[in-house]
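> below: sequence and its predicted model.
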Amino acid sequence: MSSGNSSREYFGSKVGFVLAAAGSAVGLGNMWRFPYQAAEGGGAAFVVLYILMTFLIGVPIMTSEFIIGRSAKRSPIGAFRLIGGRRWVPVGYLVVFAPFLILVYFSVISGWTLRYAIDAISGFSGEPAIRFAEISSGTPAVLYHLILMTVTTVVVMRGVRAGIERAALILMPVLLVLIIALVAWAATLPGSAQGYEFYLSPSIDDLLEPSVIKQAAAQAFLSLSVGMGVMITYASYLDRGNDLTQEAITVSLLDFSVAFLGGLIVFPVIFALGLSDQLGESTIGALFISIPAAFTEMGAAGQIVGLVFFSTLLVAALTSSFSLLEVVVASLMDELKLTRKKSALIAGTVAAVAGILPASSQSALGAMDKLAGDVFVVAGALGSVLLAGWVLKDPATELLKGASKFLARTAPGLLFVIRYVVPAFVAIVLWSNISWF
Ligand code: PHE
C-alpha cells in the first residue's frame, strides 16, 4: 500500500473493481435518460455522436480520474488538496456535492421504478398518464424514495468489499442477462423494424448540429459517471496493478452497450404500440408513461416483461446509487475522520430528507437534473482532466503502472489528448451550457 494509508479499504479483485465501476456507470442514465435524449437529438445521429463522445472524450476523462484516485488514495476533496494544493479544494467540493445532488433525485426516480415493478406483478391498471401522476407525487413518491435510500445506505455501510463489490458481482451479471433477454423479446414485436430504423439511420444534418453534439457529450459524461468524483473514489480503493486505460475502456464499453441495448428495447416497444408521437416529448416522465402503456396493452405477457423491465432498471439504478453515496461517505470518513457507519448514516439521512423536494415536485427534479447534468458534470470533468494532465507531477508513471505492453504504447497519445484535446472541448461545452442557463 503505497501511501501508508493502511486502514484504507480495497477492492478484492480486478473484476470486482470493473463491475463496481460499470455498475456506477450503467444506470437510469442508460435506460431512462439515453433513449429520450436520443429521441430528442434526432435518433441515430445522436447515437453516432454519443459513441464518439464516449470513446474519444469520455475514456480519457475516466482514465484521468483513475490516475488521480489511485495515485492519491484519497476521496476527491483530499485528492484535489494533495495534488493541487488549497486552490483546488473547491473543485473537490464540487465533485462531492454534485453526486449528492444526483443521488437525491435518482433515488426518487428509482422509487418510481420500484413502484412500477410492483405494479407489474399485480397487473398494470388505469390510464398510464394518471397512474404516473399518482406514482410520482405525494406520499407514495416520498415513501418509495425512502425505501431506496435505506437500501443504498445499508449496502454502503457494509463497506467497499462486503457491500459495494459484492453487490456488483451479483447484480451486474443478472442485469446483463435480463437486458439481453429484453432485447430478444423486443425484436419479436411487430413494430421493431420501424423502431430500429428511427434509432439506427442517422441524418447527416443532425450530426453537425452543435446543440446535439453538446447534448451527446453531456449525456456521455453523466452516463459514464465521470466528473463526479465517483471514479476517483473507486480508484482510490485500488492497490494492485490494474491497467487503468484498459479498465476505462472496458467500463465505457459496458456502459455504452447497455445504453445501446436500452434503445433496442425501448424504440421497438414504442413503435409497436404506435406511441411514436410521444418520443419527442422529452419530459422526465415520458418513458414512465409510454413503456407501462405498452405493457398494459400486452396483457399477461406485458405483466411478465414489465416486471423484468422495471427490475432491470431498478438494479441498474441501485448500483449507481451506491457509488453516488460512496463519494459522500468516503469524503466524510477522510475529511472528518468519522467511521463508515456514522458517515453512511449521516449522508443517507440528509439525502433522504433532501429527496422530499424532488419527490414532491417534478419541476424541482427537472431543475436538479439540468443543473447536475449540464453544468456540474461538465465542470467536474474539466477540473479532473486539468488536475491529472497539468497539475499532477508525473501522470505518465501512474498511467504506466500495471499497463499492458500494448496500451503502454498509447500512453503518450492518451496524455496528449488528456492535456489538450479534452480540456479544450469540455471547456467549450461548459461555456455554452453555462451561458445557456
Ligand atoms: N452513470 C449513472 C447513470 O448512467 C449516473 C451517475 C452519474 C452515477 C454520476 C454516478 C455518478 O445512470
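All right, it came through fine. Numbering: from 1, shown residues only.
> wait, doesn't Ile232 sit right on Gly78?
No - look at Ile232 against Gly78 with C-beta atoms under 8 Å: they stay out of range, at 9.9 Å. Every C-beta, even on glycine, is put in place using the N, C-alpha and C of the backbone.
> any shared contact partners between those two?
Common neighbours of Ile232 and Gly78, using C-beta atoms under 8 Å, 6 or more residues apart in numbering, are Ala72.
> which of these two has more neighbours?
Ranked by neighbour count (other C-beta atoms under 10 Å), Ile232 and Gly78 place Ile232 first, with 33 against 19.
> torsion angles phi and psi at the more buried one?
Main-chain dihedrals, Ile232, degrees, to the nearest 10: phi -60, psi -50.
> in terms of helices and strands, where is whichever residue of the stretch 301-437 of the chain sits closest to the ligand?
Nearest residue of the stretch 301-437 of the chain to the ligand, counting by C-beta to the nearest ligand atom: Ser320, 4.1 Å away. Here Ser320, judged by DSSP states H and E, is contained in helix 300-336.
> run the chain-centre distance for that helix.
Centroid displacement of helix 300-336 relative to its chain, using C-alpha atoms, centre = their mean, to the nearest Å, is 10 Å.
> list the contacts of the helix or strand following that helix.
Downstream of helix 300-336, the first helix or strand assigned by DSSP H and E is helix 340-354. Residues outside helix 340-354 that contact it (C-beta under 8 Å, 6+ apart): 100, 103-104, 107, 145-146, 149-150, 152-153, 156-157, 159, 325, 328-330, 332-333, 336, 338.
> do helix 340-354 and the ligand meet at all?
No - Helix 340-354 stays clear of the ligand (C-beta under 6 Å from any ligand atom), getting no nearer than 13.3 Å.
> got the angle between that helix and helix 300-336?
Comparing the axes of helix 340-354 and helix 300-336 via axes from the mean of the first three to the mean of the last three C-alpha atoms, to 10 degrees yields an angle of 120 degrees.
> low pLDDT regions in the chain?
Scanning the chain for pLDDT under 70 picks out 1-6, 277-284, 436-437.
> interface residues of it facing the ligand?
Counting by C-beta under 6 Å from any ligand atom, the chain sits next to the ligand at 24-25, 27-30, 99, 102, 222-223, 225, 228, 230, 320, 323-324.
> which one of those residues is nearest Phe425?
Within the residues of the chain next to the ligand, the smallest distance to Phe425 is 16.0 Å, found for Leu222 (C-beta to C-beta).
> check contacts around that closest one.
Contact partners of Leu222, counting by C-beta under 8 Å, 6+ apart, are 29, 33, 372-373, 377.
> same check, this time on Phe46
Phe46 neighbours (C-beta under 8 Å, 6+ apart): 37-38, 40, 206, 212, 215-216.
> which ones among those lie within strands?
Judged by DSSP state E, these include no members of strands.
> now for these, which pair is the farthest apart?
Gln37 and Asp206 (12.8 Å).
> ok, the two, which is more surrounded?
Neighbours around Gln37 and Asp206, counted as other C-beta under 10 Å, are more numerous at Gln37. The numbers are 22 against 18.
> separation between that one and the ligand?
11 Å (C-beta to the nearest ligand atom, to the nearest Å).
> do Ile51 as well
16 Å.
> name the nearest residue to that residue, ignoring sequence neighbours.
In this structure, Ile51 finds its nearest non-sequential neighbour in Phe256, 6.7 Å apart by C-beta to C-beta, 6 or more residues apart in numbering.
> contacts only, for that neighbour.
Phe256 neighbours (C-beta under 8 Å, 6+ apart): 50-51, 54-55.
> let's go with 10 Å and repeat that
25-26, 30, 34, 47, 50-51, 53-55, 58, 220, 223-224 (C-beta atoms under 10 Å, 6 or more residues apart in numbering).
> also Met149?
Listed by C-beta under 10 Å, 6+ apart, the contact partners of Met149 are 103-104, 107-108, 110-111, 321, 325, 347-355.
> also Val89?
Val89 is in contact with 76-78, 80-81, counting by C-beta under 10 Å, 6+ apart.
> tell me which element Met228 falls in.
Counting by DSSP H and E, Met228 is part of no helix or strand.
> any idea how far Ala181 is from it?
Met228 is 30 Å from Ala181, where distance means C-beta to C-beta, to the nearest Å.
> which one's more surrounded, the two?
Taking neighbours as other C-beta under 10 Å, Met228 and Ala181 compare with Met228 leading, 33 against 14.
> surely the more buried one is in contact with Val327?
Yes - between Met228 and Val327 a contact is recorded at 6.9 Å, counting by C-beta atoms under 10 Å.
> overlap of the contact sets of these two?
Shared contacts of Met228 and Val327 (C-beta under 10 Å, 6+ apart): 24, 76, 95-100, 102-103.
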